[in-house]
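A.B. asks: What would the 3D arrangement of this be:
(one chain, ligands or ions: 1)
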Amino acid sequence: MKNIAIVGGGISGLTTAFYIKEQQPDVKITIFEKEQKLGGKMRSIKKDGYIIEEGSNGFLSNKPDTLELVKLAKCEDILKRSSDNARIRFIYTDALHNLPESPIAFLKTKLLTMMGKLRVAKELFIASKKDDSDETLQSFGYRRVGKEMTDVFLDAMVAGIYASKPDAISVKAAFPAVVKLEQEYGGLFKGMFKKRKKEAGPGGILMSFDGGVSSFIDRLQENLDIEICKNSPITEAKKEGEKYIIDGKEFDALILSTPSYEASKILQNIDKNISNKLDKIDYSALSVVALGYDNLENELKGFGLLTTTSAKKNVLGVLWDSSIFDDRATKGKKLLRIMIGGQRNPKLAMKSEEELINIAIEGVKETMGIGQKPDFSIAIRHKYAIPNYKIGHLANVKEIFQVVEKHKGLYLNSNAYQGVGLNDCVANSKKCAMEVLANL
Ligand SMILES: Cc1cc2nc3c(=O)[nH]c(=O)nc-3n(C[C@H](O)[C@H](O)[C@H](O)COP(=O)(O)OP(=O)(O)OC[C@H]3O[C@@H](n4cnc5c(N)ncnc54)[C@H](O)[C@@H]3O)c2cc1C
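C.D. replies: Numbers count the residues shown, from 1 in each chain. Predicted coordinates for the structure are as follows:
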């Protein structure tokens, strides 16, 4: 019987195990997980009538990957759809503005000047980039939709998805679908119009699980016929002939589903070159503060807000969690989750828990006018929250994967390489599982 080791029990490690087992049930799999709990950045805390997500709070339904996994893993009964109100989103610049959802709303928004809006419209007539060199999101945005649009919309969006800044992130690595629109259709608007015609279908709806994302992780784990070693941090791997040695045991294949800096340490004895390249991928620090309120007057109708760099606020965004998913706070209570730090202000993310809570309280006061003292608070610090796909990321990852291919039975699979969203992690894990099976 073939024997596979997976290091890291986040969604990437668990999904890879799931798809291997689904295709070949007689393979033996052992997951080594550093922490007491599986899930990695997908973990929920239940406390005082609140469900607090430490990291992700869901996935979008406009990509099939996670939904397919949910179905195959027989977890549809715990799938939870976000409330319709969650489609209402805000951007804070000098005040709270609705994120325009239609062309008419875009024409009316005060987020951009008339010149800024005209510059966005000019995108239709801007020729596509001739070469395929890497560029920052800022350079891409300035070129295609202009400075104003980039400094407001793209700036807020990249803080919300990657905890990054437009000038710190590679557009090709972080937003490949957007670059494809330019390359294939000659522009963003041209691409969107043509794609919409071809792919009539619903837009993305944010989905999660009853009781928080941990419910899904728990179910996946329960239904998998594999060995799970918790509290098992792996510090090194060895290679003897074609076998990999982890924790004194022999394996035919080794899948590293840890963050890249951990994979770098684990592979030091096996391949210094890969180890050094893995070490080049850096991460954004980001902390999450949850504030709970009894009898909050603010109706919290919407998904939440993102701030722009120009707003000069200490919070990147505020998610109105109890309005997005109704079970995140018991009746009468409301829950906010505030994001602090990221590439905009990494030092802030690593303040003490007490300081973070105070920053969050000040942040909701400044952006939403909530002066009421919270009845509940908790801070979760992520020193290495999200990989930063900076310029050169794709080339570095390509080189890493080329060298990894030379080591039969070795695989790298986590959010460090080809996408951070849960849908990306699930899609890449399925791909990884199929490669493992093909080479076993
Ligand atoms: C605050 C925040 C909010 C987010 N929100 C969203 C969202 O709403 N939607 C979305 O799609 N994505 C979101 N994301 C991104 C998404 O959650 C992650 O990209 C995804 O969960 C990463 O999964 P992973 O398995 O690749 O890595 P991880 O979740 O990091 O899992 C890696 C696992 O490896 C373990 N490990 C590490 N080192 C070792 C070692 N040496 N030995 C053994 N085990 C080890 C870790 O403990 C961990 O369990 C968010 C991320 C953060 C931080």
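A.B. asks: list the contacts for the closest residue to Met149 other than its chain neighbours?
C.D. replies: The spatially closest residue to Met149, leaving aside those adjacent along the chain, is Val120, at 5.0 Å (Cβ to Cβ, 6 or more residues apart in numbering). C-beta: built from backbone N, CA, C; applies to glycine. The contact partners of Val120, taken as Cβ atoms under 8 Å, 6 or more residues apart in numbering, are Leu112, Val145, Gly146, Met149.
A.B. asks: do that again at 10 Å, thanks
C.D. replies: Phe106, Leu112, Arg144, Val145, Gly146, Glu148, Met149, Thr150, Phe153, Leu188, Phe189 (Cβ atoms under 10 Å, 6 or more residues apart in numbering).
A.B. asks: Kindly report the same for Gly187.
C.D. replies: Contacts of Gly187 (Cβ under 10 Å, 6+ apart): Glu123, Leu124, Phe125, Ile126, Ala127, Ser128, Arg144, Leu181, Phe193.
A.B. asks: redo that, cut-off 6 Å
C.D. replies: Glu123 (Cβ atoms under 6 Å, 6 or more residues apart in numbering).
A.B. asks: and the stretch 251-400 of the chain, which of its residues are near the ligand?
C.D. replies: Counting by Cβ under 6 Å from any ligand atom, the stretch 251-400 of the chain comes close to the ligand at Ser257, Thr258, Pro259, Glu262, Leu286, Val288, His382, Ala385, Ile386.
A.B. asks: Go again with 8 Å.
C.D. replies: By Cβ under 8 Å from any ligand atom, the residues of the stretch 251-400 of the chain that approach the ligand are 257-259, 262, 265-266, 286, 288, 339, 380, 382, 385-386.
A.B. asks: again with the stretch 101-250 of the chain
C.D. replies: Ile161, Ala163, Leu206, Ser232, Pro233, Ile234, Thr235.
A.B. asks: nearest residue to the fifth one other than its sequence neighbours?
C.D. replies: Right, the one you point to is Pro233. Going by Cβ to Cβ, 6+ apart, Pro233 has Lys34 as its nearest residue, at 4.0 Å.
A.B. asks: what's around that neighbour, how many residues?
C.D. replies: 17 (other Cβ atoms under 10 Å).
A.B. asks: quick one: secondary structure of Ala360?
C.D. replies: helix (DSSP: H, G, I helix; E, B strand; the rest coil).
A.B. asks: Look through the chain and tell me its longest helix.
C.D. replies: helix 422-439 (DSSP state H).
A.B. asks: what comes into contact with that helix?
C.D. replies: Contacts of helix 422-439 (Cβ under 6 Å, 6+ apart): 11-12, 15-16, 19-20, 23-24, 56, 59, 63, 65-66, 69, 253, 411, 413, 415, 418.
A.B. asks: now with 8 Å?
C.D. replies: Against helix 422-439 from outside (Cβ under 8 Å, 6+ apart): 4, 10-13, 15-20, 23-24, 42, 56, 58-60, 63, 65-66, 68-69, 253, 255, 257, 408-409, 411, 413-415, 417-419.
A.B. asks: Buried subset of the residues you listed as a ChimeraX selection?
C.D. replies: To isolate the buried ones among the contacts of helix 422-439 in ChimeraX, judged by 16 or more other Cβ atoms under 10 Å, type:
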select :4,10,11,12,13,15,16,17,18,19,20,42,56,58,59,60,63,65,66,69,253,255,257,409,411,413,414,415,417,418,419
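A.B. asks: Among the contacts of helix 422-439, name the ones in helices.
C.D. replies: Per DSSP H, the subset of the contacts of helix 422-439 in helices is 11-13, 15-20, 23, 65-66, 68-69.
A.B. asks: could you say which helix or strand contains the nearest residue to Tyr417 once chain neighbours are set aside?
C.D. replies: Computed as Cβ to Cβ, 6+ apart, the closest residue to Tyr417 that is not its neighbour in sequence is Val397, at 4.9 Å. Using DSSP states H and E, Val397 maps to helix 393-405.
A.B. asks: could you pull out the helices for the stretch 1-150 of the chain?
C.D. replies: 11-23, 65-72, 103-108, 114-121, 137-144, 147-149 (DSSP state H, counting those that start in this stretch).
A.B. asks: Burial check on Asp218, number of neighbours?
C.D. replies: Neighbours of Asp218 (other Cβ under 10 Å): 19.
A.B. asks: switch to numbering from 49
C.D. replies: Sounds good: first residue 49 from here, last item Asp266.
A.B. asks: mind listing the strands in the stretch 299-448 of the chain by residue range?
C.D. replies: 301-304, 331-342, 352-355, 365-367, 381-389, 424-435 (DSSP state E, counting those that start in this stretch).
A.B. asks: Any idea which residue of the stretch 99-248 of the chain lies closest to the ligand?
C.D. replies: Ser104 (3.1 Å; Cβ to the nearest ligand atom).
A.B. asks: contact partners of the worst-scoring helix or strand of the chain on mean pLDDT?
C.D. replies: Least confident helix or strand of the chain, by mean pLDDT, DSSP states H and E, is helix 236-246 with a mean of 80. For helix 236-246, the external contacting residues (Cβ under 8 Å, 6+ apart) are Glu171, Leu172, Arg192, Val193, Val226, Lys228, Leu229, Glu230, Glu232, Tyr233.
A.B. asks: quick one: the fourth one and Ala169 touch, right?
C.D. replies: Read it as Val193. No - using Cβ atoms under 8 Å, Val193 is not in contact with Ala169; the gap is 9.3 Å.
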